[in-house]
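Undergrad: Sequence and predicted model, in that order:
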Amino acid sequence: MQKITTQKWPLPKDLFSIKKLPWEFFLILITVFVFILSAYASPYFLDPWNLSDATFNFVEKAIVALPLAMLIICRDIDLSVASIIALSSVAMGFAAQYGFNIPVIVIIGISVGMLCGLVNGAVVTHFEIPAIVVTIGTMSLFRGISYILLGDQVLKDYPEGFDYFGQGYIYWVFSFEFMLFLVATLFFYFLLHKTNFGRRCYAIGNNPTAAFYSGINVKRHRLLLFVIVGALAGVAAVLLTSRLGSTRPTIALGWELSIITMVVLGGVNIMGGAGTITGVFIAVFLMGIVTFGLGLLNVPGIVMSIIIGAMLISVIATPVLIKKFSQRKG
Amino acid sequence: MMFKKLLATTAIAVAMMSTGVVQAADIKIGLVVKALGIGFFEAANEGAQEAAKELGGVQVIYTGPTSTTAEGQIEVISALIAQKVDAIAVSANDTDALVPILAKAQKRGIKVISWDSGVAKKGRQMHLNPSSNALIGEMNIKLAADALKAGNFASGDVAILSATPTSTNQNIWIEEMKKVLPKYSNLNLVATVYGDDLADKSYREAQALLKTYPNLKAIIAPTTVGILAAAQAVKDAGKIGKVYVTGLGLPSELAGHVDSGAVHSFAIWNPIDLGYAATMIAYNLVKGNGSDTKIGMGRLGDANLDENGEAAMSEPFIYDASNVHKFADIF
């Protein structure tokens, strides 16, 4: 250990005491490692257009993962996000069918998302039912409504130019979706780490009772977070609908689990109280690179799921093991 | 310590990756299916590999999502585009949602066809249907005639057991059957009944047919639910060898009834041929063989394209005692 402490490069002094390193450090390390491996394994990986194409497959999920991280830090969860995307997409589809223009369609999509979030938040905070129970219910409810409204039909009368959100590029290989994700990351970074609102999330997540007695309006705060998650699910619905150019009730089926995986992989404590936007941001790329890298090598999806699952378990187990390990040492 | 473990995990992942790397081929064709792990599509892949072997210098990348979603297929297709495959042949989970990504593929010079389950015209160059309505109608009547021959009946009554009276494709097929009936003078169509694609209703309708028409020799059910229910009804009524059931069905469901004799033969698409034909067409498109109206399918002859760019592969494939068990394992 002594040798390491004399190292000059800007690493923490006691390298072996990895518990002192921030979580994000490991994530970056793994991400860079996987990136280099993928570049080595496939000649197609380091193509800017290919990398740009690959981002389309995860940025919509990532945009929902950002607010969901805050919600999970607050000890809540929203399992209905994918169903919100579906319902909001159906609403946009009908709006388009009735001939509304693009801004109105987008506003309708995001509003329906917020409304769904409001329903979740109101039921959770007003009736004091655990969020996991409520959102399992609304997961079926919102999806069910989409099925009732649409059945086996498809809505695809989107106006000319609507495809820009999910298929357009701002500059060179930088798609609108991807840039929006970067902006959203900055926004949520400031919201969580630089504002009172963000600090209250940690306070509530660590001890809701103490937070309440220190004067935080816990219920209102949680309700607001549910609405924000709903709104961003609405944004994701706009992007996904635009990318697919059509709406079916099965849209975004099963996405809630990939989104939660991103959050947890980012080091957000599923029990609440800890986690950073930076972590989620890196985790998004880690998952994206792993999926794309394996996809390029035509690894079957089932094997891919196994690898992502193993990665997730390792990530959740690491802090626990490090804690045990360091306790034994000390 | 844990970090090492993670490294090890990733190393394993990479080891798995490297086995996936295949030798360079002249032409790469991506065969995208609705989802991996479905027997029907595994069989299609078998046919595709057969075509690749026959052609030489062709690599077929068999791929698909883990569940039958459009989003999953888009992810798989974007990986194929990134690998710069020459052609993509897809059985689509969604007619419309795949159009943007497939249009992008075409823009990058990749030939795109759909097979089995099609995509909208904008997203592909052509679509290969397993069969056509006319061929299906004709096949059903031919199967009924075969059944009569198997029972050594010179002539007899036949009845059709369909799904719902409003089912579009069922009605078209029945129309087509009626068109070819005059060619088979020994077949006398006595009734068309509807089991609504419900097992119990189809069973009762079949029972009623057996009771009402004593000279009934064959029941034609161009529905997988109906054919199974009718075969069971014939078996339960002790009429095996007196009345034959035929139509469109699945080998895995009907193998037992072929063994018992309630079904002499039946038809459905052959997934192996379908994968083979899709690969052949994709190859010919890449090579610039074929025209807007005609394109080769190797040993299966030529596909004739209609004005919508759709073609029918062949008449449905006949399954009987000689091959039903082989296919029963597949689908």
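TA: Nice, thanks for sending it over. The model shown is predicted, which means the values in this text are computed figures rather than measured ones. Numbers count the residues shown, from 1 in each chain, chains lettered A, B, ... in the order given.

Undergrad: What is the neighbour count of the residue of the stretch 151-300 of chain B found nearest chain A?
TA: Of all residues in the stretch 151-300 of chain B, B:T168 sits closest to chain A, at 13.2 Å by Cβ to the nearest Cβ. C-beta coordinates here come from the backbone N, C-alpha and C atoms, glycine included. Burial of B:T168 is recorded as 8 neighbouring residues (other Cβ atoms under 10 Å in any protein chain shown).

Undergrad: Could you check the pLDDT of it?
TA: On pLDDT, B:T168 comes in at 80.

Undergrad: B:S18 now?
TA: Per-residue pLDDT puts B:S18 at 44.

Undergrad: Repeat that for the one 10 residues further on.
TA: Reading off the per-residue confidence, B:K28 sits at a pLDDT of 95.

Undergrad: same for whichever strand or helix holds B:E46, what does it pack against?
TA: Element membership for B:E46, per DSSP states H and E: helix B:39-55. Packing partners of helix B:39-55 (3 or more Cβ pairs under 8 Å, 6 or more residues apart in numbering or on different chains; DSSP states H and E): strand B:27-32, strand B:58-63, helix B:271-287.

Undergrad: A:S246 is nearest to which of those?
TA: Of all the helices and strands packed on helix B:39-55, strand B:27-32 sits nearest to A:S246, with 18.2 Å by Cβ to Cβ.

Undergrad: which other helices and strands contact the closest one?
TA: When contacts are defined as 3+ Cβ pairs under 8 Å, 6+ apart, strand B:27-32 packs onto helix B:39-55, strand B:58-63, helix B:70-82, strand B:87-90, helix B:271-287.

Undergrad: Low-confidence bits of the chain, can you list those?
TA: Going with chain A. Applying pLDDT under 70 to chain A flags the ranges A:1-21, A:319, A:328-330.

Undergrad: meant chain B actually
TA: The model of chain B has pLDDT under 70 over residues B:1-25.

Undergrad: Spatially central residue for it, please.
TA: In chain B, the C-alpha nearest the mean C-alpha coordinate belongs to B:W269, at 4.1 Å (Cα atoms, centre = their mean).

Undergrad: what's around A:P130, how many residues?
TA: For A:P130, the neighbour count with other Cβ under 10 Å is 12.

Undergrad: Quick check: the gap between it and A:S89.
TA: According to Cβ to Cβ, to the nearest Å, A:P130 stands 28 Å off from A:S89.

Undergrad: Spit out the contact partners of the residue nearest to B:A51 when sequence neighbours are not counted.
TA: Once flanking residues are discounted, B:A51 sits nearest to B:T279: 3.8 Å by Cβ to Cβ, 6 or more residues apart in numbering or on different chains. With contacts defined as Cβ atoms under 8 Å, 6 or more residues apart in numbering or on different chains, B:T279 is in contact with B:I29, B:L31, B:G47, B:A48, B:A51, B:A52, B:L55, B:V58, B:V60, B:A89.

Undergrad: Quick one: residues contacting the last one.
TA: Read that as B:A89. Listed by Cβ under 8 Å, 6+ apart, the contact set of B:A89 reads B:29-32, B:48, B:112-115, B:278-279, B:281-282.

Undergrad: can you redo those residues as a markdown table with distance to B:T95?
TA: Converted to a markdown table, these look like this (distance: Cβ to Cβ, whole Å):
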| residue | distance to B:T95 |
| --- | --- |
| B:I29 | 22 |
| B:G30 | 19 |
| B:L31 | 19 |
| B:V32 | 14 |
| B:A48 | 22 |
| B:V112 | 14 |
| B:I113 | 14 |
| B:S114 | 9 |
| B:W115 | 13 |
| B:A278 | 17 |
| B:T279 | 22 |
| B:I281 | 19 |
| B:A282 | 19 |
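
Undergrad: Can you pick out the most distant pair from the residues you listed?
TA: The two members of the contacts of B:A89 with the most space between them (Cβ to Cβ) are B:A48 and B:V112, at 15.6 Å.

Undergrad: Just after the helix or strand hosting B:V234, pick out the following helix or strand.
TA: B:V234 belongs to helix B:224-236 when elements are defined using DSSP H and E. Downstream of helix B:224-236, the next assigned helix or strand under DSSP H and E is strand B:244-247.

Undergrad: which strands and helices sit next to the next helix or strand after that next one?
TA: Using DSSP H and E, the next helix or strand after strand B:244-247 towards the C-terminus is helix B:251-260. Contact here means 3+ Cβ pairs under 8 Å, 6+ apart; on that basis helix B:251-260 packs against helix B:224-236, strand B:265-268, strand B:317-320, helix B:324-328.

Undergrad: Pull out the buried positions in helix B:251-260.
TA: Neighbour-count burial for helix B:251-260 flags B:P251, B:E253, B:L254, B:A255, B:G256, B:H257, B:V258 (criterion: 16 or more other Cβ atoms under 10 Å in any protein chain shown).

Undergrad: Then stretch A:299-311?
TA: Buried residues in stretch A:299-311, counting neighbours by 16+ other Cβ under 10 Å, are found at A:V299, A:P300, A:G301, A:M304, A:I307, A:I308, A:M311.

Undergrad: OK, contacts around the third one?
TA: Residues counted as contacts of A:G301 (Cβ under 8 Å, 6+ apart) are B:L36, B:G64, B:P65, B:T66, B:G72, B:V76.

Undergrad: Is the fifth one in contact with B:S78, as I believe?
TA: Read that as B:G72. No. Counting by Cβ atoms under 8 Å, B:G72 does not reach B:S78; the two are 11.0 Å apart.

Undergrad: where along the stretch 51-200 of chain A do the helices fall?
TA: Per DSSP state H, counting those that start in this stretch, the stretch 51-200 of chain A carries helices over the ranges A:59-73, A:81-97, A:102-127, A:131-150, A:164-167, A:176-193, A:196-206.

Undergrad: can you tell which of those is closest to A:M287?
TA: For the helices of the stretch 51-200 of chain A, the distance to A:M287 is smallest for helix A:59-73, at 8.7 Å, taking Cβ to Cβ.

Undergrad: Which strands or helices does that closest one pack on?
TA: Against helix A:59-73 (3+ Cβ pairs under 8 Å, 6+ apart) you get helix A:81-97, helix A:176-193, helix A:196-206, helix A:218-244, helix A:255-265, helix A:277-296.

Undergrad: Would you mind finding the most buried of the ones you listed?
TA: Most buried of the helices and strands packed on helix A:59-73 by mean neighbour count (mean count of other Cβ atoms under 10 Å in any protein chain shown) is helix A:81-97; its value is a mean of 27.
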